[in-house]
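Visitor: Curious how this folds, go ahead:
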Amino acid sequence: MPLSAIFVALSLYILLPPHLTAEQKSFYDRLADSALTLTAQKVRYDPTYTIIDYPNGDVAPDKGVCTDVIIRAYRKLGIDLQKEVHEDIKANFDKYPKKWGLTKPDKNIDHRRVPNLMTFFTRYGTVKKITNDPKDYTPGDIVCWNLSGKITHIGIVSGKTASDGHRPLIVHNIGNGQMLDDCLFNFEIIGHYQYEKKSGAPPPK
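Guide: Residues are numbered from 1 along each chain as shown. Alright, predicted model coming up:
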């Protein structure tokens, strides 16, 4: 091999980061990857109230809503948001929204409501700034929106970008199943979080 070719190969090896194994990736990169795998699962949007197992309960695998994307992505990494949210609501019922006329926690539905997840992530995660700069939204971030009619929505920032290379694509279910979509700035953003369950975490906010 000519010396010039060897020099180019060595330069590329130094400049380009090596491929990371799953163990070497950050938690949030793995969460983004986890969410991406959900897009291969055929799911129809179905908001029907369903009695599910506890813990680690889930609706039928071919059904789901936007919150189920978040729950399923975290569960692939060993974090059961059904259990985490239910236990916190049981202990801190007054901290959570009462929009639905509930008088006590409900392990079948509490974790599947966007305002409850927003409250949980605010209490136990990192609240990130809401901006119009796509660079502020990194893989594994949780984003919440207010849709028309004051309907709330939630999704996960993926590690992939739009065709123009600027905006990160979002994994969400807004009615067409678990999909990858260029929708970050399509609606009013009302929440932006990171959440990783850690032992010995600081007291909730």
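Visitor: Could you use CA atoms for every contact and neighbour count after this?
Guide: Noted.
Visitor: does the residue nearest the centre of the chain belong to a helix or a strand, and which?
Guide: The residue lying closest to the centre of the chain (CA atoms, centre = their mean) is residue 156, at 3.5 Å. For residue 156, the host element (DSSP states H and E) is strand 152-161.
Visitor: what lines up beside that strand in the sheet?
Guide: The strands beside strand 152-161 in its sheet (DSSP bridges) come out as strand 142-146 (antiparallel), strand 168-172 (antiparallel).
Visitor: about what we covered before: so what's the residue nearest to the centre of the chain closest to, chain neighbours aside?
Guide: residue 142 (4.8 Å; CA to CA, 6 or more residues apart in numbering).
Visitor: so what's that neighbour up against?
Guide: Counting by CA atoms under 8 Å, 6 or more residues apart in numbering, residue 142 touches 154, 155, 156, 157, 191, 192, 193, 194.
Visitor: what are the bridge partners for it, then?
Guide: residue 156, residue 193.
Visitor: Alpha carbons of whichever helix or strand residue 68 is part of, in CSV - could you do that?
Guide: Using DSSP H and E, the secondary-structure element containing residue 68 is helix 66-75. Output in CSV follows, covering the C-alpha atoms of helix 66-75 (Å, rounded to 0.1, in the frame of the first residue of the first chain):
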residue,chain,number,x,y,z
CYS,A,66,-48.2,8.0,23.0
THR,A,67,-47.3,7.2,26.6
ASP,A,68,-46.9,3.5,25.9
VAL,A,69,-44.0,4.4,23.6
ILE,A,70,-42.2,5.9,26.6
ILE,A,71,-43.2,3.1,29.0
ARG,A,72,-42.1,0.4,26.5
ALA,A,73,-38.8,2.1,25.7
TYR,A,74,-37.8,2.4,29.4
ARG,A,75,-39.0,-1.2,30.1
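Visitor: Do you have the helices of this structure handy? List them.
Guide: Assigned by DSSP state H, the helices in the chain fall at 3-15, 27-37, 66-75, 81-91, 114-124.
Visitor: For those helices, give me a markdown table that also has mean pLDDT.
Guide: Conversion of the helices of the chain to a markdown table gives the following (pLDDT from 0 to 100):
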| stretch | mean pLDDT |
| --- | --- |
| helix 3-15 | 41 |
| helix 27-37 | 98 |
| helix 66-75 | 98 |
| helix 81-91 | 98 |
| helix 114-124 | 98 |
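Visitor: For residue 53, find the nearest of those helices.
Guide: helix 81-91 (9.8 Å; CA to CA).
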